[in-house]
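In: Predicted model and sequence follow; I will ask about them next.
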Amino acid sequence: MRQQPKPVPEAYAESLESSEQRRAFRRRVFQWFDKHQRELPWRQTDDPYCVWVSEIMLQQTQVVTVIPYFEKFLKRFPDVYALAAADEATVLRYWEGLGYYRRARQMHRAAQVVVEEHQGILPRQSQTLQALPGIGRYTAGAILSIAHDQREPILEANTIRLLARLIALDEPTTTAASQATLWDVAEELLPRKRVGAFNQGLMELGSLVCTPRNPECTDCPVARHCRTFGEGLQEAIPVPKKKTQYEAIDEAAVAIWHAGRVLVRQCGPDERWAGLWDFPRFPVTDVGGAKRRREVIRQTQDMTGVELAQLRQLSVLKHAVTRYRISLTCYDAQATTGPAGGSSANQQWLTVQELENIPLSVTGRKMAGLLAGVDDKA
Ligand code: SF4
């Protein structure tokens, strides 16, 4: 039986309603992309594994930041077998500084599933791909369209903004209804061929032309299809979502010295940096003075089993994680019970140089940098 054509989503800009208009839109995207696309390392290949690594790294991370990580990662883990065979600490070491470490842990687990259950080949069905850890509809669509030219839509930050403006979406893009509309539009716009190039063209257009602030509408190849441009609503669309309420957190981290080594502990599965190593760290309730010092010493001892003395403040690091604004006071101190106090499976004593070889949280790495200029007081 012949399939009925899908109805055009109501949200369509008038200038995208007909199939002729959509063909013209695709043609303009292709022409622009062929001429203006940036040379990026992951665009030199259509290997699904490379596409996968790049797409995971690019989630919530800028292209310029990702490039050196992508190159180093592929050198060390050139295929899914190399990634699956590595231990998690090594994978995290190559991810260190990119943030959102869950992405690396999930990709590592997914590589093991691909080797064990799919003969080392990334599945070519979207649903099967999406059953792997860390792969959602967007990543599956990117892998399948870019590596295999399959007719799968994508929706990520740049295309969400671009499509929302094309159709002048009048509600925040994060609502379930908006997401459903945008997926429909992304699907309906897809060409029959060169789907990967088209999807990348939309992302590139969103990234370089349809920017969050001051989009370059006069240079935009699809301006004549854009309802937001037609109505002069560039500053109002995408409609902002409700403001995030930030929460301030006061934390302390302590480098405990013993005989030229410091104690580090591996974060447990429920902790913020699961799998990474860190200095003993915890929230502090007392604001200042002797009471705060006593609290820091007590919490450090409870956490590590090491008795300490000579606590001194090194620095205060400010950083943000999701909705938290964290003020981290870094201390060092001297172990008075010797190394035996700190011995357990998830703790080890290392020299400052040896800290280079383990994956640390970003602030853990900054604190390690502070220690390089500090002498063990023993
Ligand atoms: S015309 Fe402007 S707002 Fe519309 S898609 Fe192009 S850059 Fe974005």
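Out: The structure has been received and is ready for your questions. Remember, predicted model here, so these are calculated numbers, not experimental data.
In: Tell me the residues on the stretch 1-150 of the chain that lie near the ligand, please.
Out: For the stretch 1-150 of the chain, the contact set with the ligand under C-beta under 6 Å from any ligand atom is empty. All C-beta spots, glycine's among them, are computed from the backbone N, C-alpha and C.
In: low-scoring stretches of the stretch 1-150 of the chain, by residue?
Out: Within the stretch 1-150 of the chain, the segments meeting pLDDT under 70 span 1-13.
In: Quick check: what element follows the longest helix anywhere in the chain along the chain?
Out: The residue-count maximum for a helix in the chain (DSSP state H) belongs to helix 19-36. Following the chain from helix 19-36 toward its C-terminal end, the next helix or strand by DSSP states H and E is helix 48-58.
In: got a list of contacts for that following helix?
Out: Residues outside helix 48-58 that contact it (C-beta atoms under 8 Å, 6 or more residues apart in numbering) are 40-42, 45, 66, 69-70, 73-74, 77, 79-80, 98, 103-104, 107, 122, 134-135, 138-139, 142-143, 146-148, 156.
In: Tell me the buried residues in the next helix or strand after it?
Out: The C-terminal neighbour of helix 48-58 among helices and strands, as given by DSSP H and E, is helix 63-76. Neighbour counts over helix 63-76 (16 or more other C-beta atoms under 10 Å) mark Val63, Val66, Tyr69, Phe70, Phe73, Leu74 as buried.
In: you'd agree Ala320 is in a strand?
Out: Yes. Under the criterion used here (DSSP: H, G, I helix; E, B strand; the rest coil), Ala320 sits inside a strand.
In: Leaving out the residues flanking it, which one is nearest to it?
Out: Beyond its immediate neighbours in the sequence, the residue positioned closest to Ala320 (C-beta to C-beta, 6 or more residues apart in numbering) is Ile326, lying 6.9 Å away.
In: what's the neighbour count on that neighbour?
Out: Around Ile326 there are 18 other residues, counting by other C-beta atoms under 10 Å.
In: in the stretch 51-200 of the chain, which spans are helices?
Out: Here the stretch 51-200 of the chain has its helices, by DSSP state H, counting those that start in this stretch, at 63-76, 80-85, 88-95, 102-117, 126-130, 137-148, 157-166, 176-189, 195-208.
In: Gln200 contacts Trp42, correct?
Out: No. In this structure, Gln200 sits apart from Trp42 without contact. The criterion is C-beta atoms under 8 Å, and the distance is 9.8 Å.
In: are any of the contacts of helix 48-58 buried, and which?
Out: With neighbours counted using 16+ other C-beta under 10 Å, the contacts of helix 48-58 contain these buried positions: 42, 66, 69-70, 73-74, 77, 80, 98, 103-104, 107, 122, 134-135, 138-139, 142-143, 146-148, 156.
In: What separation is there between the nearest residue to Arg224 once chain neighbours are set aside and Leu169?
Out: Once flanking residues are discounted, Arg224 sits nearest to Ser15: 6.2 Å by C-beta to C-beta, 6+ apart. Note on Ser15: its distance to Leu169, by C-beta to C-beta, to the nearest Å, is 15 Å.
In: can you check Gly364 too?
Out: Going from Gly364 to Leu169 by C-beta to C-beta gives 41 Å.
In: Give me the phi and psi for Gln310.
Out: phi 60, psi 50 (degrees, to the nearest 10).
In: isn't it right next to Tyr331, touching?
Out: No. Contact status for Gln310 versus Tyr331: not in contact, 9.9 Å apart, counting by C-beta under 8 Å.
In: Those two: which has the busier surroundings?
Out: When neighbours are counted by other C-beta under 10 Å, Gln310 and Tyr331 differ, and Tyr331 comes out ahead with 23 against 13.
In: Just list the residues touching that one, thanks.
Out: Counted by C-beta under 8 Å, 6+ apart, Tyr331 has contacts Ala252, Ala253, Val254, Ala255, Val296, Leu311, Arg312, Gln313, Leu314.
In: which of those residues has the most neighbours?
Out: In these, the most neighbours by other C-beta under 10 Å go to Val254, 27 neighbours.
In: my guess is it is in a strand, correct?
Out: Yes. Val254: assigned to a strand according to three-state DSSP.
In: Show me how this protein divides into domains.
Out: When the chain is parsed into structural domains using automatic domain parsing, the resulting residue ranges are 14-231, 247-372.
In: Let's have those domains in TSV, adding distance to Val239.
Out: TSV is the format used below for those (distance: least, C-beta to C-beta, whole Å):
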stretch	distance to Val239
domain 14-231	5
domain 247-372	20
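In: looking at these, which is closest to Ile237?
Out: domain 14-231 (4.9 Å; C-beta to C-beta).
In: Just say helix, strand or coil for Cys330.
Out: Put simply, Cys330 is strand when judged by three-state DSSP.
In: Tell me what it is bridged to.
Out: On DSSP bridges, the residues paired with Cys330 through beta bridges are Ala253, Ser315.
In: which residues sit in contact with it?
Out: Ala252, Ala253, Val254, Ala255, Phe279, Gln313, Leu314, Ser315, Val316, Leu317, Met367, Leu370.
In: closest to Glu216 among these?
Out: Leu317 (37.4 Å).
In: phi, psi of the closest one?
Out: In terms of degrees, to the nearest 10, the main-chain angles of Leu317 are phi -110, psi 130.
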